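Could you work out the structure for the sequence below:
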Amino acid sequence: MRHFTLPITLFLLLTVSAFAQTPGPVGVVTGTVRDRNTQELLVGVTVQTVNSADSTARSTGTTTDAEGRFKLTLPVGSYNLRATYVGFVPQQKFNLIVSSGNANESSFELDEDSKRLSEVVVTANRAVAAVSSITTPNSIQRLTTEEIKTNPGGNFDVSRVIQTLPGVGGSVGG
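Numbers count the residues shown, from 1 in each chain. Have a look, this model is predicted:
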């Protein structure tokens with residue numbers, strides 16, 4: 001009997017600790033986010049829970065997928081949701097009740113806010129010193145008929161003689 005005491009004690013302790021780590025009941029909030037004017041689904045919108053006391057975002061949030069859908073798994077309770085997207089006015093839904101076993105639907109329609117984005121103008125001036133380093137000198141060389149005739153291995157072939165000049169390479173093809 002003494003040999004069974006330690007395994008039984010360990011089994012009971014592990015079972016109790018497993019139940020202690022089991023999270024409480026959770027619910028799911030799903031929905032879509034659209035542009036109010038075009039009814040186009042928006043991709044990459046941030047949807048997060050908001051603290052009702054000071055309107056600060058909590059750590060629970062997600063972004064919309066390629067179809068403009070989002071899904072949040074939250075502990076049972078009441079939440080405020082906020083949807084934010086660059087170039088759009090943030091929108092908030094208040095007192096959304098999340099219950100266990102039910103999928104809650106909450107969709108957003110965001111209005112464009114062109115005043116929130118200012119234009120960016122990028123200008124640059126080209127440095128004067130850099131201009132002279134961009135230009136490269138051209139190499140000029142003249143060939144006379146005598147030089148072509150006296151070139152060893154040239155056999156009076158102009159293309160072979162030209163390929164022997166410095167900086168000139170030849171290739172076969174079109």
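
Out of the helices and strands in the protein, which is least certain?
Ranked by mean pLDDT, DSSP states H and E, the helix or strand of the chain with the weakest confidence is helix 128-134, at a mean of 54.

what helices or strands is the longest strand belonging to the chain leaning on?
Secondary structure assigned by DSSP state E gives strand 26-35 as the longest strand of the chain. The contact analysis (3 or more CB pairs under 8 Å, 6 or more residues apart in numbering; DSSP states H and E) places strand 26-35 against strand 69-75, strand 77-84, strand 91-98, strand 103-105, strand 108-110. Where you see a C-beta, it was placed from the backbone N, CA and C, and this is true even at glycine.

again, only using 7 Å
Applying 3 or more CB pairs under 7 Å, 6 or more residues apart in numbering; DSSP states H and E, we find strand 26-35 packed against strand 69-75, strand 91-98, strand 103-105, strand 108-110.

hey, which of those is tucked in deepest?
Among these, strand 108-110 has the highest mean neighbour count (mean count of other CB atoms under 10 Å), at a mean of 20.

which residues are contacting that one?
Gly31, Val33, Arg34, Asp35, Arg36, Leu42, Ala83, Tyr85, Phe88, Val89, Gln91 (CB atoms under 7 Å, 6 or more residues apart in numbering).

Give the rounded mean pLDDT of it.
Strand 108-110 carries an average pLDDT of 96.

Equivalent analysis for stretch 78-91, please.
Per-residue scores along stretch 78-91 average to 92.

Export it to CSV, keeping only CA atoms.
Output of stretch 78-91 as CSV, limited to C-alpha atoms (Å, rounded to 0.1, in the frame of the first residue of the first chain):
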residue,chain,number,x,y,z
SER,A,78,-19.8,43.3,-21.3
TYR,A,79,-17.4,45.0,-23.6
ASN,A,80,-16.9,48.1,-25.7
LEU,A,81,-15.4,47.5,-29.1
ARG,A,82,-13.4,50.0,-31.2
ALA,A,83,-12.5,49.7,-34.9
THR,A,84,-9.6,51.9,-36.1
TYR,A,85,-8.1,52.2,-39.6
VAL,A,86,-5.8,54.7,-41.2
GLY,A,87,-7.7,57.4,-43.1
PHE,A,88,-11.0,56.6,-41.4
VAL,A,89,-12.8,57.9,-38.4
PRO,A,90,-12.6,55.4,-35.5
GLN,A,91,-15.9,53.9,-34.5
